[in-house]
Structure formats: C-alpha cells, structure tokens
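In: coords please:
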Amino acid sequence: MYKNLAVTLVAACFFLSAIQAQTPHQAPAKSTESIKAGFVYVSPITEAGWTRQHDEGRKAVERALGHQVKTTFVADVAEGADAERVIRDLAQQGNQIIFTPSFGYMEPTLKVAKEFPNVKFESVTGFKTAPNVAASNARYYEGRYLAGIAAGRMTQTNVAGYVAGFPIPEVLQGINAFTLGMRSVNPKATVKVVWLNAWFDPPKEREAAMALFNQDVDVIAFHTGSTAVMAAAQERGKMAVAYHSDMRKIGPDAQIIAVTHQWGDYYTARVKAALAGSWKSGSVWGGVKDGMIRVGDFGPKVPKAVQDEIVAKQKALGTGKLLLFAGPITDNEGKLVLPAGQALSDPQILNMNYLVQGVLGRVGR
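Out: Purely as a prediction, here's the structure:
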C-alpha cells in the first residue's frame, strides 16, 4: 500500500516469475535449526489496518514454526533514511530474513541488501529484485471489485465515496475496480473521490469522509492506513467498506463488507524456505485464488442474498471464470480505453493512469 511520493504513475511492472518450491502450500521445513526474522512497519500497529495485517502475518510465522523462529519488529518507521537505518540494524542484529512491507522501503532495502549478501530480504509492494531481494504484492483490486458489487446493491443514493491516498496505479486500480463492480449491478452509480496525499493521517481521513457524506454519499470506501473513515461512517449512520482488516469493532453498524489482506501463508512459506536453504529471489503478485486477498466479514445490514452473490463472485474470480477488467472500458473523460472482447493485461493493469467512467473527479485532484 504505502508508496513514496517519488513514484510516478507509470510504475514498473512486476516480473511475474514463479518462486520455485516456495508457494504458500510448501511442505513444512524439516530443519531442526532456528532462524531470526525481522519486520519493519511504516505506521504504528493499530487495532486494524495495513500494519495490523502484516503483524498478523508475523504472528502466523511464529505459530507455524514455534521454537524454530524468533521474530522481531520495528514499527512506525518513516520511508527513506530512517528505514535504511532500521533495516541495516536488523541485519546487523543477525536476522537472516527481513520483511519490508512498504513501497518506500524498496530502495533502502536494495541498498542494505548489497551490504549483507547472506541475508534474505522481502520487499513487499516493491517491484525491484536482486539475488537476495524478492518482491511481492497482492491484487487488491480483486477485492475492490467484489466490494463494489456490495456497495452497488446497498446504496440508496447511488453515490459512493472514496478516500484515496496518492494517485498511483495501485490506488487507481482499486478505485476503478470498485466503480466497475458497483456499476455492474447498479449502472446509475457514481463514485466521488477525495485525494489526501497522505497514507496515515486519521484526522485528515475523517475530514474527507465527513465532506463526502455531505455530498449525498451513503457508502464509502478508502485506501488509507487507519480506521478513521470507518469510524466516521459509524458516527454518521452511513455504510463503509473496510480495507486491510475487518473493522466491525470500529463500525459494527457501518461496515457492509471488508477487503482483507492475508500475509500469513506467504510469510510463513518464505521463512520456511530461508530456514531450509531453498529460498530464491523472484516476484509474486497474488490475489483471491492465491489466498492473499479475501472479502467477507459482512455487516448486519447486508441481506443474505447479497452475501451469497458476493461469495459466488469471489469463487468465480478465484477459478478464473470472472474477468474484472474486461472491455469495453471507457475512462471518465469519454476515451475508449479497452474495446469489447478484450481484457487488460497485467502490464496494463500495473501501469493504470486513468479513472473509469462513473468516477467523479480527476487523477490526483
């Protein structure tokens, strides 16, 4: 999720090479030795959100490997020089594999990795690799599309809101997928976007949500790091889509569905591989079928028929029967982006730099 401001809209593509013998279903390592694994987090560990999900992944590693692993983490580390210092410290402390889940950590990770060729590094949401640096990310947009269907079924005003961090491809993918999902069941629906130019700023997130609720928005989604938007929806009696984590504790009445990120299996597989001596660099971009993205955690307002529809669509997505970015697709300035009968390729998705028809707003404004 977290991206450095220097990122351009034309992001480099993931090299979707398989990481051999290191899938989430890899057999447990048989080594009797132990390993030290370090984690760096870009924000505090809150009750729910981006960093919470990665820390849940760390805990999953501990549960899976028990005495064979010792994990440590450093939270609320700013991207840039601070990140480089913390990553280097973790390597110097003897961690044999280090996870850095923030895009702005990519360059610091690569720099430190050159100094510690025997340490394995996992650049999560990064795209550059090295012999001892692997890259991984999730297809967040898949969950967004399914959440859009739920929003399209639930809205009464036909107007949704979207609180967005930065106008980078990953965020644009999510806004567009959400809008396409919403309009697939409710062609009259529109989505109003507010750009924050921040990832974790609870007061600013709340202010944006309140502003949208004053503009006929009755259901809201967000691509930010805190629970502030969900809390605002609960306060105003509106509906919201949780992101990163299940947020029903914060919005017991507001939450209609959650798009959650599941890092435990991937993190466990990578630590096991490092322990077994079979770790290899590479790039992974996993989605629903890989167990890295999941929707569910329905709120009490959602009828069973809608829940069943979402579950069925999620299954179809996982088996490849549902294509999300399929033509015809027109941007919100009237330009045909994709003709009928075609589907966007992974490079086209990864370089997305437009908003689809139905989104009210402009990229970055």
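In: Tell me how far the strand or helix carrying F178 lies from the chain's centre.
Out: In this assignment (DSSP states H and E), F178 forms part of helix 169-185. Its chain's C-alpha centre and that of helix 169-185 lie 14 Å apart, by C-alpha atoms, centre = their mean, to the nearest Å.
In: C-alpha coordinates for it, CSV please?
Out: The C-alpha trace of helix 169-185 is given here as CSV (Å, rounded to 0.1, in the frame of the first residue of the first chain):
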residue,chain,number,x,y,z
PRO,A,169,-1.5,2.8,-10.2
GLU,A,170,-2.3,0.6,-7.2
VAL,A,171,-4.9,3.1,-5.9
LEU,A,172,-6.3,3.8,-9.4
GLN,A,173,-6.8,0.1,-9.9
GLY,A,174,-8.8,-0.1,-6.7
ILE,A,175,-11.0,2.9,-7.5
ASN,A,176,-11.7,1.7,-11.0
ALA,A,177,-12.4,-1.9,-9.9
PHE,A,178,-14.7,-0.7,-7.2
THR,A,179,-16.6,1.5,-9.7
LEU,A,180,-16.8,-1.2,-12.3
GLY,A,181,-18.1,-3.7,-9.7
MET,A,182,-20.6,-1.2,-8.4
ARG,A,183,-21.9,-0.3,-11.8
SER,A,184,-22.1,-3.9,-12.9
VAL,A,185,-25.2,-4.2,-10.6
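In: Given whichever helix or strand comes after that helix, what are its sheet partners and their directions?
Out: Following helix 169-185 in sequence order, the next helix or strand is strand 190-195 (DSSP H and E). Counting by DSSP bridges, the strands paired with strand 190-195 are strand 159-164 (parallel), strand 359-360 (parallel).
In: Reformat the ones you listed as TSV; add mean pLDDT and mean neighbour count.
Out: Placement of C-beta: from N, CA and C, glycine included. Formatted as TSV, the strands paired with strand 190-195 follow (pLDDT from 0 to 100; neighbours: other C-beta atoms under 10 Å):
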stretch	mean pLDDT	mean neighbour count
strand 159-164	97	26
strand 359-360	96	20
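In: Roughly how far does the residue nearest the centre of the chain sit from I349?
Out: The chain has Y140 as the residue nearest its centroid, 4.7 Å off, counting by C-alpha atoms, centre = their mean. As judged by C-beta to C-beta, to the nearest Å, Y140 and I349 stand 11 Å apart.
In: so what's in contact with those two at the same time?
Out: Q173 (C-beta atoms under 8 Å, 6 or more residues apart in numbering).
In: What are the phi and psi values at A78?
Out: Torsion angles at A78 (phi, psi; degrees, to the nearest 10) stand at phi -70, psi 150.
In: Next one, pLDDT for it please.
Out: If you check A78, the pLDDT there is 90.
In: Tell me who's in contact with the nearest residue to it once chain neighbours are set aside.
Out: Nearest residue to A78, sequence neighbours excluded (C-beta to C-beta, 6 or more residues apart in numbering): V42, at 7.6 Å. Neighbouring residues of V42 by C-beta under 8 Å, 6+ apart: 2, 50-51, 76-79, 101-102, 104-105, 199-200, 225.
In: Tell me where the stretch 101-250 of the chain has strands.
Out: 120-124, 133-138, 159-164, 190-195, 219-223, 239-244 (DSSP state E, counting those that start in this stretch).
In: With distance to G282 as new columns, can these be given to me in TSV?
Out: Formatted as TSV, the strands of the stretch 101-250 of the chain follow (distance: least, C-beta to C-beta, whole Å):
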stretch	distance to G282
strand 120-124	11
strand 133-138	6
strand 159-164	30
strand 190-195	33
strand 219-223	27
strand 239-244	25
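In: Out of those, which gets nearest to V359?
Out: Proximity to V359 (C-beta to C-beta) singles out strand 190-195 among these, at 5.0 Å.
In: and the angle for that closest one with strand 219-223?
Out: 40 degrees (axes from the mean of the first three to the mean of the last three C-alpha atoms, to 10 degrees).
In: Just want the angle from strand 190-195 to helix 169-185.
Out: Using the same axes, to 10 degrees, strand 190-195 lies at 160 degrees relative to helix 169-185.
In: Can you tell me what sits against strand 190-195?
Out: By C-beta under 8 Å, 6+ apart, strand 190-195 touches 158-167, 175, 178-179, 182, 208, 211-212, 215, 217, 355, 358-361, 364-365.
In: if we can go back for a sec, let's have the strands paired with strand 190-195 in a markdown table, adding distance to G341.
Out: Below are those laid out as a markdown table (distance: least, C-beta to C-beta, whole Å):
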| stretch | distance to G341 |
| --- | --- |
| strand 159-164 | 28 |
| strand 359-360 | 23 |
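In: quick one: the helices in the stretch 1-150 of the chain?
Out: Remark: helices assigned in the stretch 1-150 of the chain by DSSP state H, counting those that start in this stretch are 50-65, 81-92, 106-115, 140-154.
In: Tell me which of the ones you listed sits most buried.
Out: Across these, averaging neighbours per residue (mean count of other C-beta atoms under 10 Å) puts helix 140-154 on top, at a mean of 26.
In: Using CSV, write out every CA atom in that one.
Out: What follows is helix 140-154 as a C-alpha-only set of coordinates in CSV (Å, rounded to 0.1, in the frame of the first residue of the first chain):
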residue,chain,number,x,y,z
TYR,A,140,-6.0,-5.6,-4.0
TYR,A,141,-8.2,-4.6,-6.9
GLU,A,142,-9.9,-8.0,-7.0
GLY,A,143,-11.4,-7.4,-3.5
ARG,A,144,-12.3,-3.9,-4.5
TYR,A,145,-14.4,-5.1,-7.4
LEU,A,146,-16.4,-7.5,-5.1
ALA,A,147,-16.8,-4.8,-2.5
GLY,A,148,-18.2,-2.5,-5.3
ILE,A,149,-20.9,-5.1,-6.0
ALA,A,150,-21.9,-5.0,-2.4
ALA,A,151,-21.9,-1.2,-2.4
GLY,A,152,-24.0,-1.1,-5.6
ARG,A,153,-26.6,-3.4,-4.0
MET,A,154,-26.7,-1.4,-0.8
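In: Okay then, goodbye and thanks.
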